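Participant: Pasting a predicted model and its sequence here:
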Amino acid sequence: MNVDSSMCASSGKASRWEQINWHKCERQVGRLQARIVKATREGRWGKVTALQRLLTHSFSGKALAVKRVTENQGKRTPGVDSVSWTTPAARLKAIGSLRSRGYRPGNHRYEQIYQPNLADWPVEPRHSWLGQLPSTLCGQGNVRPDGP
């Protein structure tokens, strides 16, 4: 039986990035966050844990997380996994791939940063570099901090 998918009932998940109802997602996430705050104030820590799990596993929470990462100023910068989601199809696939199941962190990269000992630094009189600054940085006109 050939049935057009647009005629069927919505499953709640969008099949394209452009079809996501962002207003509805923001409303659902905001409501969950408000419930987490309320449970925290009441000291209901089991409820807080359950609501946090619900938020992190919900489609709306994942979709907003991917949107915030991919539509900001650093959107072209890849993360620690060296992956950047640039196309709408990749973003939608990323929503489905956000799972903590089977996650194993990789080895840390330790790089030695050379930090010279104070004895290795050149000895200069204090503020000797101020005389080399342009006069506009030192104040008004030709006045220099070490004298006229």
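Facilitator: On my side now, so go ahead.
Participant: low-confidence ranges in the chain?
Facilitator: 1-13, 80-81, 102-148 (pLDDT under 70).
Participant: can you tell me which helix in it is longest?
Facilitator: Using DSSP state H, we find that the single longest helix of the chain is helix 22-42.
Participant: Packing partners of that one?
Facilitator: helix 45-57, helix 59-70 (3 or more Cβ pairs under 8 Å, 6 or more residues apart in numbering; DSSP states H and E). Bear in mind the C-beta positions are built from the backbone N, C-alpha and C, glycine included.
Participant: ok, then the element right after the shortest one?
Facilitator: Downstream of helix 59-70, the next assigned helix or strand under DSSP states H and E is helix 88-97.
Participant: and stretch 75-93, which residues are buried?
Facilitator: Of the residues in stretch 75-93, those buried by neighbour count under the rule 16 or more other Cβ atoms under 10 Å are 85, 91-92.
Participant: end-to-end on that stretch?
Facilitator: 16 Å (Cα to Cα, to the nearest Å).
Participant: ok, residues contacting it?
Facilitator: 14-18, 66-67, 69-70, 94 (Cβ atoms under 8 Å, 6 or more residues apart in numbering).
Participant: give me that answer again for 6 Å
Facilitator: The contact list for stretch 75-93, computed with Cβ atoms under 6 Å, 6 or more residues apart in numbering, reads 17, 66, 70, 94.
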